[in-house]
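Trainee: How does the following fold in three dimensions:
(one chain, ligands or ions: 1)
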Amino acid sequence: MTPLFLFGTNFKMNQTPAESAAFYEQLAGSVVQPPGVRLFIIPPFTSLAAVAAVAHKEPHERDIWVGAQNVHWESAGAFTGEISATMLRALEVDLVLLGHAERRRDFHETDVDLNKKVRSVLDNELRALLAVGETAEERSFGVSAETVARQLKIGLHGVAPHELTRLQIAYEPVWSIGAGGTPARPEDVAPVAGSIRRVLHELFGEAGCQVPILYGGSVDATNAGSFTALPDIDGLFVGRAAWTVEGFIATVNAGLAGCG
Ligand code: PEP
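Mentor: Presented below is the predicted three-dimensional model:
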């Protein structure tokens, strides 16, 4: 496991700006991050300015990173309804989530689209959190490793080793996320996380071994430690269980106990 333990949540299409700002303030006031631990929240676009206002500090000094849920690959232009990395940078965003399963499924994002988004995020000096994971159907055909390898090889095409300090991968088996998901077991996660690590090594050499891999999918305080105990897992990306400050803190603590 790399020294940095990452833990964060994505609020999806939930929360007003005031609710996100209150969450950030309450969380920042409740946790003392041990060295090497990095927390983040990813509210909706409409909350980013309000959260940045309560976060006060410059992005690189911030205790808790603030992320965006998506970005367009162009920096400006005729793309109604879209947001660019330049705009996110002006909002002092720390990281951008790319390729969440809901965006791949409902908004038809392809690996090639995601590659352009990764490039734009890194070119704008932001951090990218690229989500990968197989569907239930892909799993049933035994191609989980091939699926994540394809997502990584296309999504990270052209990324240079020196940019890897701003890259994180979230492994989220599509069949295990959200209310309708079947919780994955550590023995389901371990081989695919191992495949992700091997692909990162194949693409980037030793530097690829330092890229944090987060696990996400029906994680809560009862199972968090069983995933962080896995050798290739460096953090957790949590949905429902971390949508209250109490749940967020309980799940972080359970995850940290598993690393021990
Ligand atoms: C997700 O939707 O990315 C996710 C991890 O959700 P949950 O933790 O609620 O399964």
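Trainee: Give me the neighbour count for Trp175.
Mentor: Neighbour count for Trp175, taken as other Cβ atoms under 10 Å: 24. (Each C-beta comes from the backbone N, C-alpha and C, glycine too.)
Trainee: Restricting to C-alpha, output the host helix or strand of Leu48 in CSV.
Mentor: Using DSSP states H and E, Leu48 maps to helix 48-55. Taking Å, rounded to 0.1, in the frame of the first residue of the first chain, the C-alpha atoms of helix 48-55 are listed here in CSV:
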residue,chain,number,x,y,z
LEU,A,48,-18.6,24.0,-5.6
ALA,A,49,-18.5,27.8,-5.1
ALA,A,50,-20.2,27.6,-1.7
VAL,A,51,-17.9,24.8,-0.5
ALA,A,52,-14.8,26.6,-1.8
ALA,A,53,-15.9,29.7,0.2
VAL,A,54,-16.0,27.7,3.5
ALA,A,55,-12.8,25.8,2.7
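Trainee: and it, what does it pack onto?
Mentor: helix 17-30, strand 64-68 (3 or more Cβ pairs under 8 Å, 6 or more residues apart in numbering; DSSP states H and E).
Trainee: Out of these, which gets nearest to Cys209?
Mentor: strand 64-68 (22.3 Å; Cβ to Cβ).
Trainee: After the closest one, heading C-terminal, what element do we hit next?
Mentor: Going down the chain from strand 64-68, the next helix or strand is helix 85-90, by DSSP H and E.
Trainee: in the next helix or strand after that following helix, what counts as buried?
Mentor: Downstream of helix 85-90, the next assigned helix or strand under DSSP H and E is strand 95-98. Across strand 95-98, burial judged by 16 or more other Cβ atoms under 10 Å covers 95-98.
Trainee: Go through those and name the one nearest Ile83.
Mentor: The closest of the buried residues of strand 95-98, once distances to Ile83 are taken by Cβ to Cβ, is Val96, at 9.7 Å.
Trainee: Pull the contacting residues for that closest one.
Mentor: With contacts defined as Cβ atoms under 8 Å, 6 or more residues apart in numbering, Val96 is in contact with 67-68, 70-71, 85, 88, 117, 121, 126-129.
Trainee: I'd like the distance between the residue of the stretch 101-250 of the chain found nearest the ligand and Leu97.
Mentor: Per Cβ to the nearest ligand atom, Gly239 is where the stretch 101-250 of the chain lies closest to the ligand, at 2.4 Å. From Gly239 across to Leu97, the span is 12 Å (Cβ to Cβ, to the nearest Å).
Trainee: where do the contact lists of those two overlap?
Mentor: By Cβ under 8 Å, 6+ apart, Gly239 and Leu97 have these common neighbours: Asn10.
Trainee: in the stretch 151-260 of the chain, which spans are strands?
Mentor: Applying DSSP state E, counting those that start in this stretch to the stretch 151-260 of the chain gives strands spanning 167-171, 213-215, 235-238.
Trainee: And the pLDDT at Cys259?
Mentor: pLDDT recorded at Cys259 is 87.
Trainee: ok so, going back, pLDDT on the helix holding Leu48, on average?
Mentor: For helix 48-55, mean pLDDT is 93.
Trainee: Check stretch 4-21 too.
Mentor: Throughout stretch 4-21, pLDDT has a mean value of 96.
Trainee: start to end distance for it?
Mentor: Using Cα to Cα, to the nearest Å, the end-to-end distance of stretch 4-21 comes out at 25 Å.
Trainee: Only the buried residues of it, if you could.
Mentor: So for stretch 4-21, counting by 16+ other Cβ under 10 Å, buried means 5-12, 15, 17, 20-21.
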